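[1] What would the 3D arrangement of this be:
(2 chains)
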Amino acid sequence: MQTHQYDVVIVGAGGAGMRAALESSTRVRTAVISKLYPTRSHTGAAQGGMCAALANVEEDNWEWHTFDTVKGGDYLVDQDAAEVMAKEAIDAVLDLEKMGLPFNRTPEGKIDQRRFGGHTRNHGEAAVRRSCYAADRTGHMILQTLYQQCVKNDVEFFNEFYVLDLLVDHDLAAGHVPDGEEVNVSGVVAYELATGEIHVFRAKSVVLATGGAGKIFKTTSNAHTLTGDGMALAYRRGIPLEDMEFFQFHPTGLAGLGILLSEAARGEGGILRNAQGERFMERYAPTIKDLAPRDIVARSMANEVREGRGAGPNKDYVLLDLTHLEPAHIDAKLPDITEFARTYLGVEPYTEPVPVYPTAHYAMGGVPTNIEGEVLRNSTDVIRGLYAAGEVACVSVHGSNRLGTNSLLDINVFGKRAGISAAQYAAGAQWVDIPENPAATVEAELETIRTRGDGERVADIRRALQETMDANAQVFRTEESLEQALSDLKALRKRFAAVSVQDKSRTFNTDLLEAVELGFLLDIAETVVVGALNRKESRGGHFREDYPDRDDKSYMQHTMAYRRPLAAKGHRLWGSDSDGDRKGSFAHTTVFDDYQVVLGSKPVTVTRYQPMERKY
Amino acid sequence: MTATLDATPEVGAVPSFEVTLKVMRYLPSDDGSTPVPHWDEFRVQAHGTDRVLDALHKVKWEQDGSLTFRRSCAHGVCGSDAMRINGRNRLACKTLLKDLDPSKPITVEPIKGLPVVKDLVVDMEPFFASYREIMPFLVTTGTEPTKERRQSAEQRERFDDTTKCILCAACTSSCPVFWTDGQYFGPAAIVNAHRFIFDSRDEGGAQRLEILNDKEGVWRCRTTFNCTEACPRGIEITKAIQEVKRAMITRAF
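    Predicted structure coming up:
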């Protein structure tokens, strides 16, 4: 075992992690720990752009952007955070340009902008050109540019190191910690993939920037490596996860494969059609049609298929039609996604419509933070020294449905903020003692799995998990389907207790790591399903067929999911503590074999915009 | 959307078929003894749109969990899974099995010229070290403008091709010069130098050209075009290298 000491440790080297690192590393001693080489991170797969009200091509302002974000999120957005993001978006884009990002340009040489779903002029009048972009490779350019700057600034990376535990001085999942009691982070425990060695990183501040958890679903645009690690690490220490039931299904995944085709395809004029060739979005969103927010488009597509108007031999997808666009325009603006259609489905988008179907894309929920990136342990108290940014976090700028391009914005704005906050805190903070034998839990868990004889295969459990999530917790949900998912998850958790791997070596043992990641996926799936069961309304990305309307009276609150010990083990569930609601719509407890999931609520911050009916 | 063996194939798909993967194995043991590289063969059932990566996953998940390779995005943008497939460098996630003549065994080996760690995993550090040496970041002087730097669409187009690089190493590890001389910067590093040398906003071109004028720099390129053929992003790498050579002579860029 090796021990390291840094002022700030950043976990994850995608957009949020590297943006944080650029701030933190110039201020205090900083390490970035990443399970991948930084340029492999999934920020690189983002395509369409990053919105900012630069007004380079038409009138725009950040207030309109704030409104669109709030409305797009079906009013579950914390409006103070959305305002920060929309305002700081402008500098975030200019910062990237100054770092060298090769944006597409206007004839005058300014950063070009294009239309994107849900982004409108003057509070919904018409689509506005707000998305700054580099062809359909904007995420790739952001990831490369941030990595280039990290190289320039000599940022210290630990690549292919898996963080497997978060060290805190009070484990909130293990026992009772009263309100007001100070809880401090003290570091992380990591596993070096190349050697199998354990490393303890002592730190004054830890920034979680591990990205999303799309692999809880079978059909997903997410990378194999997006297994919710950071969310699960926090959750296992009793830190709540916020709004996990809100998962975004991107309308245009390549049918059957889930590979993302950017919304920019529709921003550039692409049209969705059913088997009859009808532009069906005209019925669902008469004003902005194909450029309605993703939850609405995804549901509309699923509905077309359900009502028998799907295309293809099994009538199980719809068509994305680009055939009316000039090939030269397609090549200039959408080169990558059209190549995906050719490579993976053998479809030529110049002349044939592309089969598409919704694909699990983005977790709106995550580790709760305030606008400084500080992680909350209930509605108000922070964990000292712990920060989160990007998809792992819930700040909450996306509410119940994220607008396209706002994720690349989120990682830049809040990655920067978290990096600055973490460094400033570390500069003034004392070292917190790390626990005795800090790596004991991780070592025991890894050794148990690695040395276990015949047992359950990782791939079998994972497939069963993904299948039940796709079948029961996807675009359409009901009490019945979610109860089925919950009971499946409980059964899978029992099977996971007997999981074993075939690779018994210590060198580059990805078999072992896949088992660990499966544990994270099971944790995340449980928070999604429990939150979805409790939320008896439909809002944004969460659609309950048995409760098809939004219910602001009962549910205009964030869901907080806390893992707590079973009551028998002494957790004072309904004392004065603010973790978990004792009454109201969020009073809900789900008992698992070794722990319980206790739900609570957190108020939504409303500043300028009172909830209205959401129509497009 | 659940695909099963008997399901009607998706549009553009071909029916399921069996393939044999012949994989170069290298499995270090914990006692430190030197492993013997050897071929292992696996039979897998594949579907119409399956890629080599899907077949490798099937082996790992259903037959032999110790089979080791890197992967992440699985659609050709992260650059994790460059490997030598039927003797050619490609991304496993972008190579469809049906395009490879599935009637013969498909050989899969690690990319060449970098030390093998385990099976298809190589040590990428020497590759990234070359990349870092060419100053792969925008160099500017003077005060920053308050708004964006202006750049015309033509100026932006000038270096578009080389911005596509995903650092997968398919090019560098296909280069015979790199195989015999690991000190050579290699195509990927030159591609990334090109990306900045021809960016109208950059002022570090002269320094980068100086670095690449080294005996291990661009002059080692023998114009074999292996790199261009290997690039999964379709970058015209040999052309980019030629442009860097020309810039070095003419000092015009």
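
[2] by contact count, what packs against the helix or strand encompassing B:Ile249?
    With elements taken from DSSP states H and E, the one containing B:Ile249 is helix B:237-250. Helix B:237-250 sits against helix B:187-197, helix B:205-212, helix B:226-230, with contacts defined as 3 or more Cβ pairs under 8 Å, 6 or more residues apart in numbering or on different chains; DSSP states H and E. For every residue, glycine as well, the C-beta is placed using N, CA and C.

[3] quick one, which of these is packed in tightest?
    Each of the helices and strands packed on helix B:237-250 was scored by mean neighbour count; the highest is helix B:187-197, a mean of 28, by mean count of other Cβ atoms under 10 Å in any protein chain shown.

[4] Could you check the angle that one makes with helix B:205-212?
    160 degrees (axes from the mean of the first three to the mean of the last three Cα atoms, to 10 degrees).

[5] phi, psi of B:Gly65?
    Here is the backbone geometry of B:Gly65 (degrees, to the nearest 10): phi -60, psi -10.

[6] So the residue in chain A sticking out farthest from the centre: helix, strand or coil?
    Within chain A, the residue lying farthest from the chain centre (Cα atoms, centre = their mean) is A:Glu108, at 36.0 Å. For A:Glu108, the secondary structure call by DSSP: H, G, I helix; E, B strand; the rest coil comes out as coil.

[7] Low-confidence bits of the chain, can you list those?
    Using chain A. With pLDDT under 70 as the threshold, chain A has low-confidence stretches at A:568-578.

[8] Hmm, no, I was thinking of chain B.
    Using pLDDT under 70, chain B drops low at B:1-14.

[9] Excluding covalently adjacent residues, which one is nearest to A:Gln248?
    Once its chain neighbours are removed from consideration, A:Gln248 has its nearest residue in A:Tyr362; the separation is 4.1 Å (Cβ to Cβ, 6 or more residues apart in numbering or on different chains).

[10] How about A:Gly366?
    For A:Gly366, ignoring the flanking residues on the chain, the nearest one in space by Cβ to Cβ, 6+ apart is A:Cys394 at 4.1 Å.

[11] So that neighbour sits against A:Pro368, correct?
    Yes. In terms of Cβ atoms under 8 Å, A:Cys394 counts as a neighbour of A:Pro368; the distance is 5.4 Å.

[12] circling back to that earlier point, residues in contact with the closest residue in space to the residue farthest from the centre of chain A that isn't next to it in sequence?
    Taking Cβ to Cβ, 6+ apart as the measure, A:Glu108 lies nearest to B:Arg150, with 7.4 Å between them; neighbours along the chain are not counted. Taking Cβ atoms under 8 Å, 6 or more residues apart in numbering or on different chains as the contact definition, B:Arg150 lies against A:Glu108, A:Gly109, A:Lys110.

[13] Return the backbone torsion pair for the last one.
    Summarising the backbone geometry of A:Lys110 under the convention degrees, to the nearest 10, its torsions are phi -90, psi 170.

[14] Contact partners for it?
    Going by Cβ under 8 Å, 6+ apart, A:Lys110 touches A:Leu54, A:Asn56, B:Lys147, B:Glu148, B:Arg150.

[15] B:Met24 touches B:Lys118, doesn't it?
    No. Counting by Cβ under 8 Å, B:Lys118 is not a contact partner of B:Met24; they are 11.2 Å apart.

[16] neighbour count winner among those two?
    Ranked by neighbour count (other Cβ atoms under 10 Å in any protein chain shown), B:Met24 and B:Lys118 place B:Lys118 first, with 23 against 17.

[17] Quick check: beta-bridge partners of that one?
    Listed by DSSP bridges, the beta-bridge partners for B:Lys118 are B:Val121.

[18] these two touch, right, it and B:Tyr26?
    Yes. Taking Cβ under 8 Å as the definition, B:Lys118 is a contact partner of B:Tyr26 at 6.1 Å.

[19] Kindly tell me how buried A:Ala426 is, as a neighbour count.
    Here the neighbour count serves as a burial measure; for A:Ala426 (other Cβ under 10 Å) it reads 23.

[20] Pretty sure it sits in a helix.
    Yes. The secondary structure assignment for A:Ala426 places it in a helix, going by three-state DSSP.

[21] I'd say it and A:Ser205 touch.
    Yes. Under the criterion of Cβ under 8 Å, A:Ala426 lies in contact with A:Ser205, with a separation of 4.4 Å.

[22] got any residues that touch both of these two?
    The contact lists of A:Ala426 and A:Ser205 share A:Asp7, A:Val8, A:Gly385, where a contact means Cβ under 8 Å, 6+ apart.
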